[in-house]
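Enquirer: Provided below are the primary sequence and the corresponding predicted coordinates.
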Amino acid sequence: MSSPPTRTVLITGANRGLGLETARQLAGQGFHVVITARDVGAARQAAGALAGPAASVAPLPVPLDVGDPGSIAAAADHLRATAASVDVLVNNAGVSLDGFDAGIARRTLDTNFFGPLRLTEALLPLIPAGGTIVMVSSGMGELAGLDERLRARFTDPALTRGALAELMNAFVADVAAGRHRERGWPSSAYRISKVGLNALVRVWAPELADRRIIVNAVCPGWVRTDMGGRTASRSVEKGAASIVWGATRHGEPTGGFFRDGRRIDW
Ligand code: NAP
């Protein structure tokens with residue numbers, strides 16, 4: 001009996017934290033792992049640490065800053081020239097920046113929302129039928145507690161990817177104009193970036209289903225990484241396992257939000 005073909009997984013922000021641990025776990029399960037990171041030196045070190053007899057890690061990490069459209073285009077060109085396919089895409093890279101102003105809002109959305117959107121669009125030609133896309137989101141992206149007017153806009157069944165991107169840009173514009181509170185936005189760019197990511201999954205899932213590609217959002221829980229801090233309740237192994245669950249789905253489910261393999265509220 002022949003063994004199933006090796007699946008290739010590409011992970012963003014794979015040089016440390018949850019991205020690195022997700023890479024380690026998937027390599028251990030026999031995936032061919034493509035490490036990407038904005039700092040290539042750090043990525044090389046990460047790839048070297050993962051390389052082992054049971055692991056299949058691409059020897060050369062791919063430089064990728066998801067907040068930079070030029071970097072996304074260069075990575076996509078490189079992958080088109082070198083990789084047969086990207087069976088699984090894990091959009092893990094993210095930031096939670098200190099402070100709150102229009103600049104912070106812009107940078108947060110560029111990394112946490114527009115990064116996954118642009119990278120997924122750029123790599124779609126390399127994702128085959130049967131492919132899997134995971135958006136690493138957060139329970140902070142729940143709609144509960146959001147202003148009713150905004151909730152209605154994020155859950156509008158007629159929402160498109162373009163309209164969602166406009167809504168996210170409106171958040172930044174409202175922060176810049178000092179009117180975000182009166183428009184119902186919270187003073188947290190991180191939260192809105194993940195609300196947007198969850199909405200993106202719902203908007204995109206039916207469209208991708210036509211190509212037999214699934215897309216889900218996953219929450220790793222509150223994890224002891226540089227972002228989560230030392231007092232977080234979960235180990236990086238446990239948090240990454242929640243991401244790995246999403247990355248190892250095949251064919252179904254799609255359009256959902258999950259933690260530890262269980263559906264959670266948007
Ligand atoms: P982390 O330890 O701070 O690591 C973040 C990773 O993202 C790093 O590899 C970082 O690379 C990378 N990154 C940041 N901006 C990037 C960019 N523009 N382009 C490419 N890579 C970039 O955070 P983490 O806890 O592992 O978080 C990973 C994901 O889980 C994030 O999406 C986060 O929102 C989500 N999450 C985390 C928690 C938690 O409690 N930790 C909870 C819910 C959700 P550099 O080394 O270059 O900075």
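Expert: Great, that's in hand. Numbers count the residues shown, from 1 in each chain.
Enquirer: my guess is Ser193 contacts Phe113, does it?
Expert: Yes. The criterion here is Cβ atoms under 8 Å, and Ser193 meets it with Phe113 at 4.8 Å. In this view, the C-beta of every residue, glycine as well, is placed from N, C-alpha and C.
Enquirer: quick check: neighbours shared by the two?
Expert: Listed contacts common to Ser193 and Phe113 are Met168; contacts here mean Cβ atoms under 8 Å, 6 or more residues apart in numbering.
Enquirer: higher neighbour count, those two?
Expert: Ser193 (29 against 26; other Cβ atoms under 10 Å).
Enquirer: quick one: residues contacting that one.
Expert: By Cβ under 8 Å, 6+ apart, Ser193 lies in contact with Gly94, Thr108, Leu109, Thr111, Asn112, Phe113, Gly141, Met168.
Enquirer: rerun at 7 Å
Expert: The neighbourhood of Ser193, defined by Cβ atoms under 7 Å, 6 or more residues apart in numbering, consists of Thr108, Leu109, Asn112, Phe113.
Enquirer: what about the first one, which helix or strand?
Expert: Read that as Thr108. Counting by DSSP states H and E, the secondary-structure element that holds Thr108 is helix 102-109.
Enquirer: report the inter-axis angle for the following helix or strand past that helix versus helix 102-109.
Expert: Downstream of helix 102-109, the first helix or strand assigned by DSSP H and E is helix 115-123. Taking axes from the mean of the first three to the mean of the last three Cα atoms, to 10 degrees, one finds that helix 115-123 is oriented at 40 degrees with respect to helix 102-109.
Enquirer: can you give me the buried ones in helix 115-123?
Expert: Residues of helix 115-123 classed as buried by neighbour count (16 or more other Cβ atoms under 10 Å): Gly115, Pro116, Leu117, Arg118, Leu119, Thr120, Ala122, Leu123.
Enquirer: from the contacts of Ser193, which two are the most distant?
Expert: Checking the contacts of Ser193 against each other with Cβ to Cβ, the farthest-apart pair comes out as Thr108 and Phe113, at 8.0 Å.
Enquirer: for Ala177, see how far away the closest residue to the ligand within the stretch 151-266 of the chain is.
Expert: For the stretch 151-266 of the chain, the residue positioned closest to the ligand under Cβ to the nearest ligand atom is Gly228, at a distance of 2.9 Å. According to Cβ to Cβ, to the nearest Å, Gly228 stands 32 Å off from Ala177.
Enquirer: the two: which is more packed in?
Expert: Taking other Cβ under 10 Å, Gly228 and Ala177 do not tie; Gly228 has more neighbours (19 against 11).
Enquirer: tell me where the model's unsure across this protein.
Expert: 1-4, 52-55 (pLDDT under 70).
Enquirer: need the residues of it near the ligand, please.
Expert: Listed as neighbours of the ligand in the chain under the rule Cβ under 6 Å from any ligand atom: 12-13, 15-19, 37-39, 42, 64-67, 92-95, 111, 136, 138, 219-220, 222-223, 225-228, 232.
Enquirer: put the buried members of those into a ChimeraX selection.
Expert: Selection of the buried residues among those in ChimeraX, burial being defined by 16+ other Cβ under 10 Å:
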select :12,13,15,16,17,18,19,37,38,42,64,65,66,67,92,93,94,95,111,136,138,219,220,222,223,225,227,228,232
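Enquirer: alright, I will stop here.
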